[in-house]
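Asker: From the sequence below, what's the structure:
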Amino acid sequence: MTGVSILQVSNLCKAFPGAQALTDVSLDVAAGTVHAVMGENGAGKSTLMKILIGLHTADAGEIRFKGQPIRIKSPHEALRRGIAMIHQELLPFPDLSVAENIGMGREPTRWFPGWIDRAALARNATRMLERLGCPLPPERRMVDLSIAEMQIVEIAKALAYEAGLLIMDEPTSALSELEVEALFSVIRDLKQRGVTLIYISHKMDEIFRIADTITVLRDGHHIATRPAGELDAQQLISLMVGRELAPTSAARDSRGDGALEVKHLTKQGKFRDISFTLRRGEILGVAGLMGAGRTDLVSAIYGLAPATSGQISVHGKPVRITKPAAAIAAGIALVSEDRKQFGLVLAMSIQHNLSLASLREWWIDHRKEAAVADAQIRAFAIKAAGRRQPVMQLSGGNQQKVVFAKALLTQPHILILDEPTRGIDIGAKTEIYALINRLASAGTAVLLVSSELPELLLLSDRVLVMREGAITAEFDTPQTTQEQILRFAMPA
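Answerer: Model prediction:
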């Protein structure tokens, strides 16, 4: 019944070496509602959720679920109690199929114990994926999926548990508008069936569309809990960041000569006959739905998965890019859509991550490397205990700043950004927007891929629209709406 507390968290505390993650945090979640938890990266949101599902143990405080005090020691115990979570960082079994990932731990059997009913496993997966409007083939391996497709599978896996409390941590970070709409339809259906949802997102428009109540955390402290209808976007931002944010847009001088020219670029089964020119000092956006070929295109330009035909020219000269080292040598840098898989070595220090793409000699001058790392940490305002801190211990926003700093240390003329603000908070996003504008104003050519249409329209000078591996439209952004872009992005 809506209004009755299903989850009560009282005075929760959690510390990690060198950092206090949570201090006396309290939370009261009503049954059958969507309760949003907001805050900047490092505010303590993910730590709180990991305690609720048994990945971390609180140092102090109490958790009551359905009126009973509980102490969850493992994710398996959380699932047994009816608490499931969709994690911000994807946790697939890459070598298993979509169906095997969705059914993991609940595989249907027949004939003999332990004999998996593969047909039933596939049917169950198909049913869950159809609820989300994404009929992926259940036999496909996870390693062959895009980030957005993996996100859909993770959501389907969580829904399959039929939990009474479902925690969603940035579930739409890699999804397009259409996939988001399908997920929101599922959320509304879950609410009607009495399921309670804790929803974490940095996307303000999502929060105000689906949340009943909003709790704000800042620096590990509870700041406020309010009905969503009593807050507007500016009030919510003020509660989250506790400071004024600088403007995100900036006027730039007229754009220069062609920096990157792509002619008839094709990769079999991914994209075909792609041609465009990116000028010096320009931000060129690339829009499209899941599977449109955007990430495949920028991966080909950077040499991660080279095209099978076509030509790439840098400053008017043809270049052959078959690996990232060739792209870096040509003055191209990439900030990839998955920072943890492709952008960082998580166990290594900030210092060593920053210098990875810039090493030119076999012998490393560690004193110079340290000085450069300290300078980058200051320049990008990376919140860390120091340059030797492992990157895995940083918040998502600060990890993304390390990825940017590493890319820019190669001194690129052309910067490719693939979902550069995925999973980061409004404060870090504002800083990255300002950085992108500064780079373009200084003459850097920026190719920007984003699933967030407001982001593309805010930052880009022009937008290319991709559909099913081809460019279907080009717009000058001052005269463009989201509806126009979607019309050319959706399947014909």
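
Asker: Residue 280: neighbour count?
Answerer: Counted with other CB atoms under 10 Å, the neighbours of residue 280 add up to 18. Heads up, the C-betas are built off the backbone N, CA and C, glycines and all.

Asker: For it, list the residues it contacts.
Answerer: 255, 256, 257, 258, 259, 413, 443, 444, 445 (CB atoms under 8 Å, 6 or more residues apart in numbering).

Asker: Throw together a ChimeraX command that grabs the buried residues out of those residues.
Answerer: The ChimeraX selection below is limited to those of those classed as buried (16 or more other CB atoms under 10 Å):
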select :255,258,259,413,444,445
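
Asker: May I ask which of the contacts of residue 280 comes out lowest in pLDDT?
Answerer: Across the set of those, residue 255 stands lowest in pLDDT, at 63.

Asker: can you tell me how far residue 348 sits from residue 359?
Answerer: As judged by CB to CB, to the nearest Å, residue 348 and residue 359 stand 13 Å apart.

Asker: try residue 204
Answerer: 40 Å.

Asker: ok, how many other residues are close to the residue nearest to residue 442 when sequence neighbours are not counted?
Answerer: Among residues not flanking residue 442 along the chain, residue 281 sits closest, at 7.8 Å (CB to CB, 6 or more residues apart in numbering). Counted by other CB under 10 Å, the residues lying close to residue 281 total 20.

Asker: secondary structure class for residue 281?
Answerer: coil (DSSP: H, G, I helix; E, B strand; the rest coil).

Asker: Going by neighbour count, which residues in the strand or helix carrying residue 78 are buried?
Answerer: According to DSSP states H and E, residue 78 maps onto helix 75-81. By neighbour count on 16+ other CB under 10 Å, the buried set for helix 75-81 is 78, 79, 81.

Asker: name the helices or strands packed onto the helix or strand just after it?
Answerer: The helix or strand immediately downstream of helix 75-81 is strand 83-86, counting by DSSP H and E. Applying 3 or more CB pairs under 8 Å, 6 or more residues apart in numbering; DSSP states H and E, we find strand 83-86 packed against helix 45-52, helix 75-81, helix 147-160, strand 165-169.

Asker: so what's the closest residue to residue 161 other than its chain neighbours bridging to?
Answerer: Nearest residue to residue 161, sequence neighbours excluded (CB to CB, 6+ apart): residue 84, at 4.4 Å. As for beta bridges, residue 84 partners with residue 166 under DSSP bridges.

Asker: Residue 84 and residue 78 touch, don't they?
Answerer: Yes - when contacts are counted by CB atoms under 8 Å, residue 84 is listed as touching residue 78 (7.3 Å).

Asker: what about residue 141, how many residues close to it?
Answerer: Around residue 141 there are 15 residues (other CB under 10 Å).

Asker: Pairing partners for it in the sheet, please.
Answerer: residue 97.

Asker: what is the orientation angle of the helix or strand of the chain with the lowest mean pLDDT with strand 165-169?
Answerer: Each helix and strand of the chain was given a mean pLDDT (mean pLDDT, DSSP states H and E); the minimum falls on helix 147-160 at a mean of 80. Using axes from the mean of the first three to the mean of the last three CA atoms, to 10 degrees, the inter-axis angle of helix 147-160 relative to strand 165-169 is 170 degrees.

Asker: got a list of what the residue lying farthest from the centre of the chain touches?
Answerer: In the chain, the residue that sits farthest from the middle, by CA atoms, centre = their mean, is residue 111; the gap is 42.4 Å. Residue 111 makes no contacts at all, as judged by CB under 8 Å, 6+ apart.

Asker: Just the element for it, please.
Answerer: Going by DSSP H and E, residue 111 is not in any helix or strand.

Asker: Equivalent analysis for residue 483, please.
Answerer: Residue 483 belongs to helix 482-489, assigned by DSSP H and E.

Asker: quick one: contacts of that helix?
Answerer: 176-177, 287-289, 292, 453-454, 456-457, 463, 465-467, 472-473, 475.

Asker: quick one: which of those residues sit in helices?
Answerer: Using DSSP state H to define helices, the subset of these located there is 177, 453, 454, 456, 457.

Asker: Just the buried ones from those residues?
Answerer: 177, 453, 456, 457.

Asker: how close does the first one get to residue 72?
Answerer: So the one you mean is residue 177. Taking CB to CB, one finds residue 177 at 35 Å from residue 72.

Asker: what residue lies at the spatial centre of this protein?
Answerer: Mean-position check on the chain, CA atoms, centre = their mean. Result residue 422 at 3.2 Å.

Asker: Now do the SS call for it.
Answerer: Taking three-state DSSP, the label given to residue 422 is coil.

Asker: And it, how far from residue 396?
Answerer: 9 Å.

Asker: Could you do residue 280 as well?
Answerer: For residue 280, the distance to residue 396 - CB to CB - is 31 Å.

Asker: now residue 319
Answerer: Where residue 396 is concerned, residue 319 sits at a distance of 33 Å (CB to CB).
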